[in-house]
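Novice: I need the structure of the sequence given here:
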Amino acid sequence: MREAASRPPTFPGSTMDFDQFCRFARRVSRAHRIERGARFRLKDHDPRDTGPLGDEHKPAAREALEDGREALAQLQDMLYAQDRWSVLLVFQAMDAAGKDGAIKHVMSGVNPQGCQVYSFKAPSAEELDHDWLWRCVRALPERGRIGIFNRSYYEEVLVVKVHREFLAAQKIPPALLHKRVWDERYRDIRGFERHLAANGTLILKFFLNVSRAEQKRRFLERIEQPEKNWKFSAADVTERAHWNEYMNAYQAMIRETSAPHAPWYVVPADNKWYTRIVVAGAIVDGLSRLGLHYPKVPRAQLAELAAAKKALLAEKR
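Specialist: Below you'll find the model as predicted:
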């Protein structure tokens, strides 16, 4: 259930400072955070929702997103310098929900040296010769870095669950393909994420919740606008025929794998401006709670710095 949001956030001045945005980030993003999913029902979450913000806040929210990018850049710089935590951001959604756009707009201010994005599509022949987690384990972020999974190991309980023929292609011994296979995969995901969290990885997972009507509108836009034709595939329409199956799979995924150390954010995705502010808010909120700081320089090194400064100032030019 979402937190109470009776009063809309205020936007002090034209921009917010770091602390103001962190407070705003928590207030907006926490309304969509699922830590315990046993009673989660997808139908209770409206894809058109804009939380405590109305249409009148849309221009200010766009300014706030810039504040969010600046706050994220500061936090990412400390994350990289401290070199203790790693961050894993997982994005899952139906086609045209806006994953690519959210990643692009929210992460555009982050230093590329400290961020890596992996898009997981149909597994390769090499990947099919390993267990289903293998390809994602290889792509996990190092300490000090932010790793972004555009789709992820969750495809194994989404598209593979909807299209059982994909499961048959994974070369798993037939005796292991019993009726408990999905329960075992949820269990394995929970264990995997628990292990990552216990070893210093902040895990934030985003389900961009787009409505069927909005997906249709975006598909038509991609067909009608030549510069967007490349984004469209006829297979996207074919998948719409499985909409209800996918919604059931997403609901089960969130119920089975939500945890305080690996929460899901069910982000309304029909309004892109709101989607992006929630995603930015959740990331800033998560990072701001890690106790990040720049490393303290040892006294001996400070003496070296002072000596270097003295030498530089003594130069004639």
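
Novice: next SSE after the helix ranked longest in the chain?
Specialist: Among the segments of the chain that qualify as a helix by DSSP state H, the longest is helix 58-82. The C-terminal neighbour of helix 58-82 among helices and strands, as given by DSSP states H and E, is strand 86-93.

Novice: So which residues of the stretch 101-250 of the chain form strands?
Specialist: Per DSSP state E, counting those that start in this stretch, the stretch 101-250 of the chain has strands spanning 115-119, 146-150, 201-209. These are given in chain order.

Novice: Adding distance to residue 259 as columns, could you present those in TSV?
Specialist: The C-beta positions use only the backbone N, C-alpha and C, and glycine is treated the same way. Output for the strands of the stretch 101-250 of the chain, formatted as TSV (distance: least, Cβ to Cβ, whole Å):
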stretch	distance to residue 259
strand 115-119	22
strand 146-150	17
strand 201-209	9
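
Novice: Report all helices and strands that the longest helix of the chain contacts.
Specialist: helix 18-29, helix 99-107, helix 272-288 (3 or more Cβ pairs under 8 Å, 6 or more residues apart in numbering; DSSP states H and E).

Novice: Please identify the deepest-packed of the ones you listed.
Specialist: Neighbour counts (mean count of other Cβ atoms under 10 Å) averaged over each of the helices and strands packed on helix 58-82 peak at helix 272-288, with a mean of 25.

Novice: Find out how far the host helix or strand of residue 309 is from the centre of the chain, if you would.
Specialist: Residue 309 is part of helix 299-314, with elements assigned from DSSP H and E. For helix 299-314, the distance between its averaged C-alpha position and the chain's averaged C-alpha position is 43 Å (Cα atoms, centre = their mean, to the nearest Å).

Novice: got it, and stretch 93-108?
Specialist: On the basis of Cα atoms, centre = their mean, the separation between the geometric centre of stretch 93-108 and that of its chain is 9 Å.

Novice: measure the nearest residue to residue 216 once chain neighbours are set aside to residue 144 for me?
Specialist: Nearest residue to residue 216 in three dimensions, chain neighbours excluded: residue 240, at 7.7 Å (Cβ to Cβ, 6 or more residues apart in numbering). Residue 240 sits 41 Å away from residue 144, taking Cβ to Cβ, to the nearest Å as the criterion.
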